[in-house]
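Asks: Could you work out the structure for the sequence below:
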Amino acid sequence: MEQYVVKGGIPLVGEVEIGGAKNAALAILAAAVMTDETVVIENLPDVRDINVLLNALSGIGAVVERIDAHCVKINGSTINNLRVDYEYIKKIRASYYLLGALLGKYKRAEVALPGGCDIGSRPIDLHLKGFRALGSNVDILHGLIAAHADTLRGNHIYMDKVSVGATINIMMAAALAEGKTIIENAAKEPHVVDVANFLNSMGANVRGAGTDVIRVEGVEKLHKTTYSIIPDQIEAGTFMFAAAATKGDVTVKNVIPKHLEATTAKLLEIGCEVEEFDDAVRVVASKPLHHTSVTTLPYPGFPTDMQPQMAVVLAISEGTSTVTESIFENRFRYVDELSRMGASIKVESNIAIITGVQGYTGARVSAPDLRAGAALVIAALAAEGITIVDDIYYIERGYEGFEQKLESLGAQIEKVLSEKEIQKFTFKVS
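Replies: Numbering: from 1, shown residues only. A predicted model of the protein is given here:
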């Protein structure tokens, strides 16, 4: 099993380029099969989740041609199977986007119940409620979600809870439904807007994405397009917090600063300097950092996907901080791992009370999920001595070339496969 071995204590300095947004890309890849014409998608992140979904699309008969690591051509006219029971698809949360895409186009779909990181329950009842409102029958049979409709008709749908996945799924199905759909209390995340823009570039009529009311006027069919995915705000934020934790100076390039406002605000609050450019953000942590309080909220609030990275920085900042997790109930599973490295964190219900310590010390830790895994790497970069991070396949689900990008900023990090390689690394850096 692959691991990262890290020698910490070195400030990260330099520039790093951010890839395309994984969460936008997954939905856009699913939506790409909604036309029978060829779609070209650019700025695709080359990460495990994306590759799993591309294999699943090939598995149902779509023509998938990888132009290069970050560009793919997809043609959905050859789809011959509307049952996605592909074994790997269960491993990724975004498999449910194939429901909205296939239901919209073919009025029928069967997709395996999704998996992904165990960060708490993410029920799909809102997705199913939306499909039913559009006139579809939906059942869960033998581990599959089965949806079918004679006709999809637009409707007025109120979301009981803000849900990115359900907003996108309903938007996709509604794009090819008859008449008008209004989605109220819709999610406003940047990747919701990106999917709407992508659908519109194929001839859909989606208005209001980025606000809490999305209006979709159904069209008869969609056409070919070439589309470039937005930069990944979570990858960008991860590097911003890595700069803060290591007392570094990092310029994060190819970003949309507006998408990073909540992250930037917290970094400024704890004492970092943040400089914004048109498509870059520079984070400098030259002074001692201090405590703050953070609550995760749907966009434009502080993202739940940045919560572990924020906690890692606060745990080595002066004073007592609180982190309140209002989105997922299992999002503090990294706390025990961080405690091994010397953090002082007490979790009560959905609140972590963090008392700042002088610094971390190297230890052997295990990534419990994607974002917490990245956060433990940040802690390792800030720690004194050697840290080994196990279960890095979680991290590779959402970060492309993570160790190479960190190395380019001066980090001493290596991906290893055995104890022997760990010893070799330790000998080399000591």
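
Asks: how about the helix or strand Val138 falls within: buried residues?
Replies: Here Val138 sits within strand 137-141, counting by DSSP states H and E. The neighbour-count check on strand 137-141 (16 or more other C-beta atoms under 10 Å) flags Val138 as buried. Any C-beta I mention is one placed from the backbone N, CA and C, and that applies to glycine too.

Asks: and what of stretch 349-363?
Replies: Buried positions in stretch 349-363, judged by neighbour count with 16+ other C-beta under 10 Å: 350-352, 354, 356-357, 359-360, 362-363.

Asks: export the residues you listed to JSON lines and tack on secondary structure and distance to Glu178?
Replies: Shown next, in JSON lines, are the buried residues of stretch 349-363 (DSSP: H, G, I helix; E, B strand; the rest coil; distance: C-beta to C-beta, whole Å):
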{"residue": "Asn350", "secondary structure": "coil", "distance to Glu178": "42"}
{"residue": "Ile351", "secondary structure": "strand", "distance to Glu178": "47"}
{"residue": "Ala352", "secondary structure": "strand", "distance to Glu178": "48"}
{"residue": "Ile354", "secondary structure": "strand", "distance to Glu178": "52"}
{"residue": "Gly356", "secondary structure": "coil", "distance to Glu178": "58"}
{"residue": "Val357", "secondary structure": "coil", "distance to Glu178": "60"}
{"residue": "Gly359", "secondary structure": "coil", "distance to Glu178": "61"}
{"residue": "Tyr360", "secondary structure": "coil", "distance to Glu178": "58"}
{"residue": "Gly362", "secondary structure": "coil", "distance to Glu178": "61"}
{"residue": "Ala363", "secondary structure": "coil", "distance to Glu178": "59"}
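
Asks: ok, Glu235 touching Leu406?
Replies: No - counting by C-beta atoms under 8 Å, Glu235 sits too far from Leu406 to count as a contact (11.9 Å).

Asks: Between the two, point out the one with more neighbours.
Replies: Set Glu235 next to Leu406 and count neighbours by other C-beta atoms under 10 Å: Glu235 wins out with 28 against 24.

Asks: and Asn155, how many neighbours does it have?
Replies: A count of nearby residues for Asn155, using other C-beta under 10 Å, gives 18.

Asks: for Ser366, same thing?
Replies: Using other C-beta under 10 Å, Ser366 has 19 neighbouring residues.

Asks: mind listing what it touches?
Replies: Residues near Ser366 by C-beta atoms under 8 Å, 6 or more residues apart in numbering: 337, 389-391.

Asks: Which member of those is positioned nearest Ala166?
Replies: Set against Ala166, the nearest of those by C-beta to C-beta is Asp391 (29.2 Å).

Asks: neighbours around Ile79, how many?
Replies: What Ile79 shows, counting by other C-beta under 10 Å, is a neighbour count of 17.

Asks: where does the residue nearest to it when sequence neighbours are not counted land on pLDDT?
Replies: With C-beta to C-beta, 6 or more residues apart in numbering as the criterion, Ile79 has its nearest non-adjacent residue at 4.5 Å, and that residue is Gly61. pLDDT, Gly61: 96.

Asks: if we can go back for a sec, need the buried residues of stretch 349-363 in JSON lines with pLDDT and distance to Leu126, can you?
Replies: Below are the buried residues of stretch 349-363 laid out as JSON lines (pLDDT from 0 to 100; distance: C-beta to C-beta, whole Å):
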{"residue": "Asn350", "pLDDT": "96", "distance to Leu126": "21"}
{"residue": "Ile351", "pLDDT": "97", "distance to Leu126": "26"}
{"residue": "Ala352", "pLDDT": "98", "distance to Leu126": "27"}
{"residue": "Ile354", "pLDDT": "98", "distance to Leu126": "32"}
{"residue": "Gly356", "pLDDT": "98", "distance to Leu126": "39"}
{"residue": "Val357", "pLDDT": "98", "distance to Leu126": "41"}
{"residue": "Gly359", "pLDDT": "98", "distance to Leu126": "43"}
{"residue": "Tyr360", "pLDDT": "98", "distance to Leu126": "39"}
{"residue": "Gly362", "pLDDT": "98", "distance to Leu126": "43"}
{"residue": "Ala363", "pLDDT": "98", "distance to Leu126": "40"}
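
Asks: between the residues you listed, which is closest to Leu98?
Replies: Nearest to Leu98 out of the buried residues of stretch 349-363 is Asn350 (C-beta to C-beta; 31.7 Å).

Asks: Quick check: the gap between the nearest residue to that closest one once chain neighbours are set aside and Phe241.
Replies: Nearest residue to Asn350 in three dimensions, chain neighbours excluded: Glu325, at 4.9 Å (C-beta to C-beta, 6+ apart). Between Glu325 and Phe241 the distance is 16 Å, computed by C-beta to C-beta, to the nearest Å.

Asks: Could you report the neighbour count for Leu268?
Replies: Neighbourhood size, Leu268 [other C-beta under 10 Å]: 13.

Asks: just Thr211 next, same as before
Replies: By other C-beta under 10 Å, 11 other residues sit near Thr211.

Asks: Check whether the residue nearest to it when sequence neighbours are not counted sits in a helix, strand or coil.
Replies: The shortest distance from Thr211 to any non-neighbouring residue, by C-beta to C-beta, 6+ apart, is to Lys188 (6.6 Å). Put simply, Lys188 is coil when judged by DSSP: H, G, I helix; E, B strand; the rest coil.

Asks: What segments of the stretch 101-250 of the chain are helices?
Replies: 125-133, 164-175, 190-201, 233-245 (DSSP state H, counting those that start in this stretch).

Asks: which other residues reach the third one?
Replies: Meaning helix 190-201. Here helix 190-201 has contacts from 21, 23-24, 27-28, 31, 34, 164, 167-168, 171-172, 175, 186, 204, 206, 209-210, 214, 222, 225, 227, 229-230, 233, 256, 259, 299, using C-beta under 8 Å, 6+ apart.

Asks: No more questions from me, cheers.
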